[in-house]
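> fold the following, please.
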Amino acid sequence: MNRLLNNQEAAEILGISPFSLRGKVLRREVPFVKIGRRTLFDPADLRAFIEARKVQPRPRREKP
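Numbering: from 1, shown residues only. Okay, here's the model as predicted:
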């Protein structure tokens, strides 16, 4: 089992500030685990979160 990450570590993986991550947690936009008062993050969930939000480039249109 992977070690759960704290807010600072998870924010680094996502490339956002810890403050922004707290906002996403409050809006339930990112998966998290509550253990008592602690909010922790599973690295596998963060990877899936990132993969689900990838935007594919549009195909190039050829000029006529």
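
> name the residues of stretch 20-40 that are buried.
Using 16 or more other C-beta atoms under 10 Å as the test for burial, stretch 20-40 gives L21, K24, V25, V30, F32, T39. C-beta: built from backbone N, CA, C; applies to glycine.

> centroid residue for the protein?
In the chain, the residue lying closest to the centroid (C-alpha atoms, centre = their mean) is L46, at 4.5 Å.

> output whatever helix or strand it lives in as CSV, nothing but the C-alphas.
With secondary structure defined by DSSP states H and E, L46 is part of helix 43-52. C-alpha atoms of helix 43-52 as CSV (Å, rounded to 0.1, in the frame of the first residue of the first chain):
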residue,chain,number,x,y,z
PRO,A,43,-0.9,9.1,-4.9
ALA,A,44,-2.8,6.7,-7.2
ASP,A,45,-6.0,8.9,-6.9
LEU,A,46,-4.0,12.0,-7.8
ARG,A,47,-2.5,10.3,-10.9
ALA,A,48,-6.0,9.2,-12.0
PHE,A,49,-7.2,12.8,-11.3
ILE,A,50,-4.5,14.2,-13.6
GLU,A,51,-5.1,11.6,-16.3
ALA,A,52,-8.9,12.3,-16.3
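
> that one - contacts with which helices or strands?
helix 7-14 (3 or more C-beta pairs under 8 Å, 6 or more residues apart in numbering; DSSP states H and E).

> neighbouring contacts of the helix it packs on?
Residues outside helix 7-14 that contact it (C-beta atoms under 8 Å, 6 or more residues apart in numbering): 5, 17-18, 20-22, 30, 39, 41, 43, 46, 49-50.
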